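Visitor: only geometry, no sequence info:
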């Protein structure tokens, strides 16, 4: 593969991942998995100030993670692709397995220190 193309793909991948690197943005993605929401609905559900939610939505839009569609006076936000939630769920599953493994290791250490 052409090194320049490889670098460009890696950069796009990193930008996309940075879009999901904030807990608030992850929560927004999960809320949009269920249904489309406008900013005010997200503000209410997240219990955050409107400017904060708008800033996070802009980052998600810029990364192509959400799509904004005007519905009358409001702008509704949708996930651009439902596989985004699948990817987050896969990461959660990996983290759960890692935590289980660490918990088992901690349990073993505790049992050994009681001998």
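Guide: Yep, that arrived. Since the model is a prediction, treat every value here as computed from it, not as a measurement.

Visitor: just checking, what packs against the longest helix anywhere in the chain?
Guide: Counting by DSSP state H, the longest helix found in the chain is helix 83-113. For helix 83-113, the elements it packs on are helix 23-34, judged by 3 or more C-beta pairs under 8 Å, 6 or more residues apart in numbering; DSSP states H and E. Any C-beta I mention is one placed from the backbone N, CA and C, and that applies to glycine too.

Visitor: show me what residue 75 is bridged to.
Guide: residue 70 (DSSP bridges).

Visitor: shouldn't it be in contact with residue 39?
Guide: Yes: if you go by C-beta atoms under 8 Å, residue 75 and residue 39 touch, sitting 7.0 Å apart.

Visitor: the more surrounded of those two?
Guide: Comparing residue 75 with residue 39 by neighbour count (other C-beta atoms under 10 Å), the higher total belongs to residue 39, at 17 against 14.

Visitor: pLDDT weak spots in this structure?
Guide: 115 (pLDDT under 70).

Visitor: quick check: the residue positioned nearest the centre of it vs residue 45, distance?
Guide: Central residue of the chain (C-alpha atoms, centre = their mean): residue 26, 3.1 Å from the mean position. Going from residue 26 to residue 45 by C-beta to C-beta, to the nearest Å gives 14 Å.

Visitor: swap in residue 72?
Guide: Relative to residue 45, and taking C-beta to C-beta, residue 72 is found at 20 Å.

Visitor: cool, and residue 21?
Guide: 21 Å.

Visitor: got it, and residue 10?
Guide: Residue 10 is 34 Å from residue 45, by C-beta to C-beta.

Visitor: good, wrapping up.
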